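Novice: Sequence and predicted model, in that order:
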Amino acid sequence: MTTAPDRGTTPEAPMLGIPSMPAPDYPSDVRERLEADAREIIARYPDSRSALLPLLHLVQSEEGHVTRTGQRFCAEMLELTTAEVNAVATFYSMYRRKPSGDYQVGVCTNTLCAVMGGDAIFDDLKQHLGVGNNETTEDGKVTLEHIECNAACDYAPVVMVNWEFFDNQTPESARQLVDDLRAGREVAPTRGAPLCTFKETARILAGFPDERPGAVEATGGGGAPSLAGLRLAKGEAPPGRLAHPRGPAGPADQPVPLPGEEAPESHPSSHDMPQSTAASDPANPSGRPADPGPGEERE
């Protein structure tokens, strides 16, 4: 006769991302403070469940990631099930599901950034920090991750720290960046607001104002590379000059032609102009042959 296994001593199987129940509650003073913030967030929406995304940022600002307790809190405030909250919290990558660092360092490894050096930066930082993707340094300062796109292709390769931009990076500059973060030295993004911790960033993403002096004014607008296309569309000459890809370089002060203007043969972009014939076959002009006359046949 076979004997059934002793279920009382078997460890509980993992629930595949669904938190075990019940989750512990926040301490009473923390709960009271978060409830006041949550009510302010919920009041912004005609349908309370629409407040779930900012509420998840709110609880993330408390502990640095979305905990079981945070999910329980969101569910109770919005009268949802924890399964509904968990489905959203595990869908979006901006919500962390495990403890992470004060600074989330994201290296873009999408196509353009990758070929411009993003892959090299990511591999270098993994070795330099001694961590893999989505892992945190032992001092709890830096969590490293690769990001599919930072929406800043005109500044590639780009690294983000807590969603602030560090443009035109190299392996050397990226190493210096993470070393400064770990040492507590002041680090300024290439553009945008001053850097703050991940918890502080999460509270701002929850919809609360950034009260640091000058932070809002520092956000600014699009940079020169982002606005180059707009200037061209307006017929304005872009700053700088085109690089000369072949042959001797032209005059350094030669102006870039405006849209509709023909570039002189000596201009750096003249190699892109349609040529009358191929250099390898000068006897046969390029372009569409002339239409045959009456009674003539096309060769």
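Specialist: Good, I have the coordinates.
Novice: So which bits of stretch 34-54 are buried?
Specialist: For stretch 34-54, the neighbour count (16 or more other Cβ atoms under 10 Å) marks 34, 37-38, 41-42, 51-54 as buried. In short, each C-beta sits where N, CA and C put it, glycine included.
Novice: out of these, who's nearest Thr201?
Specialist: For the buried residues of stretch 34-54, the residue nearest Thr201 by Cβ to Cβ is Pro54; the value is 13.1 Å.
Novice: tally of neighbours for the closest residue to the closest one other than its chain neighbours?
Specialist: Closest residue in space to Pro54, ignoring its immediate chain neighbours: Ala206 at 4.6 Å, by Cβ to Cβ, 6 or more residues apart in numbering. Neighbour count of Ala206, defined by other Cβ atoms under 10 Å: 21.
Novice: before we move on, the earlier item: take the buried residues of stretch 34-54 and keep only those in helices.
Specialist: With helices taken from DSSP state H, the overlap with these comprises 34, 37-38, 41-42, 52-54.
Novice: Next one: Phe166 from Tyr95, what distance?
Specialist: To Tyr95, Phe166 is 23 Å away according to Cβ to Cβ, to the nearest Å.
Novice: of the two, who's got more company?
Specialist: Set Phe166 next to Tyr95 and count neighbours by other Cβ under 10 Å: Phe166 wins out with 26 against 19.
Novice: quick one: contacts for the more buried one?
Specialist: By Cβ atoms under 8 Å, 6 or more residues apart in numbering, the residues touching Phe166 are 158-160, 173-174, 177, 189-190.
Novice: where's Phe165, which helix or strand?
Specialist: Using DSSP states H and E, Phe165 sits within strand 164-166.
Novice: Who are the packing partners of the helix or strand that that strand is followed by?
Specialist: Where DSSP H and E defines the elements, the next helix or strand beyond strand 164-166 is helix 171-183. On a contact count with 3 or more Cβ pairs under 8 Å, 6 or more residues apart in numbering; DSSP states H and E, helix 171-183 meets strand 103-108, helix 119-129, strand 142-147, strand 159-161, strand 164-166.
Novice: mind listing what's buried in the first one?
Specialist: Applying a neighbour-count criterion of 16+ other Cβ under 10 Å, the buried positions in strand 103-108 are 103-108.
Novice: Centre of the chain to it, how far?
Specialist: The chain centre lies 8 Å from the centre of strand 103-108; the measure is Cα atoms, centre = their mean, to the nearest Å.
Novice: contacting residues for Glu186?
Specialist: By Cβ under 8 Å, 6+ apart, the residues touching Glu186 are Asp180.
Novice: same question, Leu144
Specialist: Neighbour list for Leu144: 105, 107, 122, 125-126, 129, 131-136, 178 [criterion: Cβ under 8 Å, 6+ apart].
Novice: pLDDT and distance to Glu148 for the buried residues of strand 103-108 - can I get that in JSON lines?
Specialist: JSON lines is the format used below for these (pLDDT from 0 to 100; distance: Cβ to Cβ, whole Å):
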{"residue": "Tyr103", "pLDDT": "96", "distance to Glu148": "20"}
{"residue": "Gln104", "pLDDT": "95", "distance to Glu148": "15"}
{"residue": "Val105", "pLDDT": "97", "distance to Glu148": "15"}
{"residue": "Gly106", "pLDDT": "96", "distance to Glu148": "10"}
{"residue": "Val107", "pLDDT": "96", "distance to Glu148": "11"}
{"residue": "Cys108", "pLDDT": "94", "distance to Glu148": "8"}
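Novice: Which of the residues you listed sits closest to Ala23?
Specialist: For those, the nearest to Ala23 is Gln104 (24.2 Å; Cβ to Cβ).
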